[in-house]
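Participant: model this:
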Amino acid sequence: MCGIAGAVSLSKPLTSINVDIHALSKRGPDDSGVFQDNHVMLAHRRLSIIDLSTGHQPMESEDGSVILVYNGEIYNFLELKAELLEKGKSFRTTSDTEVIIQGYREYGINILLQRLEGMFAFALYDKAKNKCYIARDKYGEKPLYYNYHDNVIYFASELKALNDVLKTDELDHKAINLFLTLSYIPAPYTIYKHVSKLVPGHFIEASADGAMQINRYYDIREKISKRGAAPSYEEAKAQLKKLVFKSVEQRMISDVPFGAFLSGGVDSSIISAVMARIHNQQINTFSIGFNEAAYDESQRAELVSKHIGSKHEVFFLDFKHAYDMLDQITSYFDEPFGDSSAIPSFFVSKMAASKVKVVLTGDAADELFGGYEKYLAPYYSAKYMRVPKPARKVFEKLVSIVPHTSLTNHTLRKIKKVVNNSGMSHFDLHYTMMSLGFTDTERAAVVEPNYLEDVKGLIRETYDAYNCSGDPMDKGFYTDLTYVLEGDMLTKVDRMCMINSLEARVPFLDSKIVEFAYSLPLHYKINGTNKKRILKETFADLLPGQTMNFSKKGFGVPVNLWMKTELKQEMLKITSRDFIEKQGIFKYDYVQKLYQEHLSGAQNHTFRLWNLYIFQKWYSRNVIKAE
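Facilitator: Below you'll find the predicted structure:
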């Protein structure tokens, strides 16, 4: 795993470089290198995983005409290398980096990108064509930020490397609204108006003659539209098992020690169990435990570990310790990021990094096979709407007067979701379930009019863009693949592993698995309230029986409690009239209303207030200090 950064001048020689490669030291503590000529600067930080001795970057072709900096892993590089050797290409290293160079020379950029199976962000400079190609992987496992001004493209693996470019940059109002609604900022947006994330499955083509364009090289909709009839359920199970075993095997290629995150949930348990079957030695697994029973899943992970025979380690997280690390963890994202499960993810990554350099994770299975509770919303909504209207009115009145306490909070939140959202269209229901922070109505009440932007319309465009089946649930899956996976789940894993110089690999994101999952009928994935049906039934023979019936807890932290205790003084400061009115983004009266309702227990505004807290913390670090 590595970090890349650079600059490409489209019309005139580079006179100054405003990219800080040293800011990426966490992503690559083992090595660094820089290439520069009149129009291109390519810089690299390396965390050595494969070809430890000869994988130095920037890497040049044997004739020096192609130069590459690359962050990631290509899992099918051995297959591609064998094919390229047959075509007469020669190799000086054993690294996947050189396969990208030789693959480009043989196939060109478009075909190469389509054939690469892996996670990556890279910049490839072709001297003969006087062009630079800057690419990001198919689903967004690896980040890539870019800024374009004065006919120069600046790019980097993290925003912090572009700080000199950003000194006078203004905030992006649409990004602020996306964050307040979703708790993260998806591509192509960033918190800054003039910096973008390269959208997954795209590449930038930049020429020294001044031309620049962004091209799409991968679109899952095209892949699905070319598929024939779905296999039978039993055939699908057999195909899925074969695909997952192959994907895990490819992602276990490493010249350094590796392990797996094992939470005890279905997804990570499957990946760990497959690893144990493939590997001829005991595998390492890592999990987080909590002293508070409401958050703890460590016994589940230990049950799976014993079953598969892994060497298992658990880090028991003390919430005081988590609170003490809050500033360091949240600041590493460089822009507001409101998923509080990043905190335990940091600690499990830190523990794993003390023993291994690579971990496999169970991420993406929820988006592909229907694992989230929100996917059951249409089911529960339809059932609730069948209750006679007078009975619903009485029930809703009772629900409205029940206070939010530690005993009622979890169940009450779920009930209110069903009550408040029943009867909606599928899109409106899905959008509401995506909106972990402020609803559109609440956002209009809390954000000053000159900062308010539409979010729903953006997400509706993505939802409507998927037309490969007649089932609206597939539109929801596609929307989550586009937004939730890239903007939240993969971002969280990448940053929390990278801050600890650890590489994370995601077997479920093999494109063959993704495309296979999208080709399946809905009832293969969700049957009644049985989520991830095919995934659980395919791998039931590898796991303890109890594993399949565990309810999802997730890596939670007591944000609700912190708002009333440890964070109270800070919350009072960043929601004060002086702070809010000087800032000019939020409406003071509505912010106070939210916080007071939360403190009194009248309402649970945890997610809204946490998003507000994270934004204000980011604003204090990056805007106020820069003034």
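
Participant: mind exporting the host helix or strand of D474 as PDB, just the C-alpha atoms?
Facilitator: Using DSSP states H and E, the secondary-structure element containing D474 is helix 472-480. Once side chains and other backbone atoms are set aside, the C-alpha atoms of helix 472-480 remain, and they are given as PDB (Å, rounded to 0.1, in the frame of the first residue of the first chain):
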ATOM      1  CA  PRO A 472     -36.700  -1.100  -7.300                       C
ATOM      2  CA  MET A 473     -34.600  -2.900  -4.700                       C
ATOM      3  CA  ASP A 474     -31.900  -3.300  -7.300                       C
ATOM      4  CA  LYS A 475     -31.900   0.500  -7.800                       C
ATOM      5  CA  GLY A 476     -31.400   0.800  -4.100                       C
ATOM      6  CA  PHE A 477     -28.400  -1.600  -4.200                       C
ATOM      7  CA  TYR A 478     -26.900   0.300  -7.000                       C
ATOM      8  CA  THR A 479     -27.300   3.600  -5.200                       C
ATOM      9  CA  ASP A 480     -25.600   2.200  -2.100                       C
END
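
Participant: show residues contacting the helix or strand following that helix.
Facilitator: Scanning forward in sequence from helix 472-480, with DSSP H and E defining helices and strands, the next element found is helix 490-498. Applying C-beta atoms under 8 Å, 6 or more residues apart in numbering, the contact partners of helix 490-498 are 1, 3, 26-27, 139-143, 184, 329, 332-333, 337, 339, 341-342, 345-346, 349, 353, 359, 361, 363, 503-504, 506. C-beta: built from backbone N, CA, C; applies to glycine.

Participant: what's the following helix or strand after helix 490-498?
Facilitator: Toward the C-terminal end, the helix or strand that comes next after helix 490-498 (DSSP H and E) is strand 503-505.

Participant: distance between that following strand and the chain's centre?
Facilitator: Strand 503-505 sits 12 Å away from the centroid of its parent chain (C-alpha atoms, centre = their mean, to the nearest Å).

Participant: quick check: buried residues in it?
Facilitator: Counting neighbours by 16 or more other C-beta atoms under 10 Å, one finds that the buried residues in strand 503-505 are E503, A504, R505.

Participant: that strand - contacts with which helices or strands?
Facilitator: When contacts are defined as 3 or more C-beta pairs under 8 Å, 6 or more residues apart in numbering; DSSP states H and E, strand 503-505 sits against strand 358-360, helix 490-498.

Participant: and the ones you listed, which is most packed in?
Facilitator: Stretch with highest mean neighbour count among the helices and strands packed on strand 503-505: strand 358-360 (a mean of 26; mean count of other C-beta atoms under 10 Å).

Participant: quick one: strands adjacent to that one?
Facilitator: Looking at strand 358-360 with DSSP bridges, its partner strands are strand 258-261 (parallel), strand 503-505 (parallel).

Participant: show me where the stretch 201-350 of the chain dips below the pLDDT cut-off.
Facilitator: Filtered on pLDDT under 70, the stretch 201-350 of the chain yields the residue ranges 226-228, 294-295.

Participant: least trustworthy helix or strand in the chain by mean pLDDT?
Facilitator: With mean pLDDT, DSSP states H and E as the measure, the helix or strand of the chain carrying the lowest mean pLDDT is helix 409-421 (a mean of 72).

Participant: what sits up against that helix?
Facilitator: With C-beta under 8 Å, 6+ apart as the criterion, helix 409-421 contacts 294, 377, 380-381, 384, 392, 395-396, 399, 402, 404, 428-429, 432-433, 560, 604.
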